[in-house]
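[1] build the 3D model from these lines:
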Amino acid sequence: MLWTLDKETVTKLANEAAGPDGVGIVAPTGKAGSVLMFHGNLVHASPPNITPYPRKIVYLTLCACSNHITKFTRPEFIAHRDFTPIEPADDGALVEYARAHKVAAE
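    Next up, the predicted model:
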């Protein structure tokens, strides 16, 4: 099911989020290879890619292991079958990983 919001609702939410600085909608951009992560319940949109470069979108949904899928109706590459609990990483683990695997700019 595709969940969409009408223009009136989006305008209302943007105005409510604007606050004193006047920023209610943000258009994140980044260099090639950048990653943007956000909660799936955040109102968001993804316009068509107008660049000549490919764009990949990955959806990751996490829930309690006790709430795992019991009826598999989607292929494994969409609905994984491994329900091993995720181990938390230390704060800053992504920064440490990025620094350790930094690729020199060309």
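[2] what's the single longest helix in the protein?
    If you go by DSSP state H, the chain has its longest helix at helix 7-18.
[3] which residues touch the helix or strand of the chain with the lowest mean pLDDT?
    None of the helices or strands of the chain scores lower by mean pLDDT, DSSP states H and E than helix 7-18, at a mean of 87. Helix 7-18 has contacts (C-beta atoms under 8 Å, 6 or more residues apart in numbering) with Leu5, Val23, Gly24, Ile25, Val43. All C-beta spots, glycine's among them, are computed from the backbone N, C-alpha and C.
[4] buried residues in the helix or strand that comes right after that helix?
    For helix 7-18, the following helix or strand on the C-terminal side (DSSP states H and E) is helix 93-100. Residues of helix 93-100 include none that count as buried (16 or more other C-beta atoms under 10 Å).
[5] do the same with stretch 49-67
    Buried residues in stretch 49-67 (16+ other C-beta under 10 Å): none.
[6] need the contact partners of it.
    Ala32, Gly40, Ser46, Phe83, Thr84, Pro85, Ile86.
[7] for the third one, give me its contacts.
    I take that to be Ser46. So Ser46 contacts Ile57 (C-beta under 8 Å, 6+ apart).
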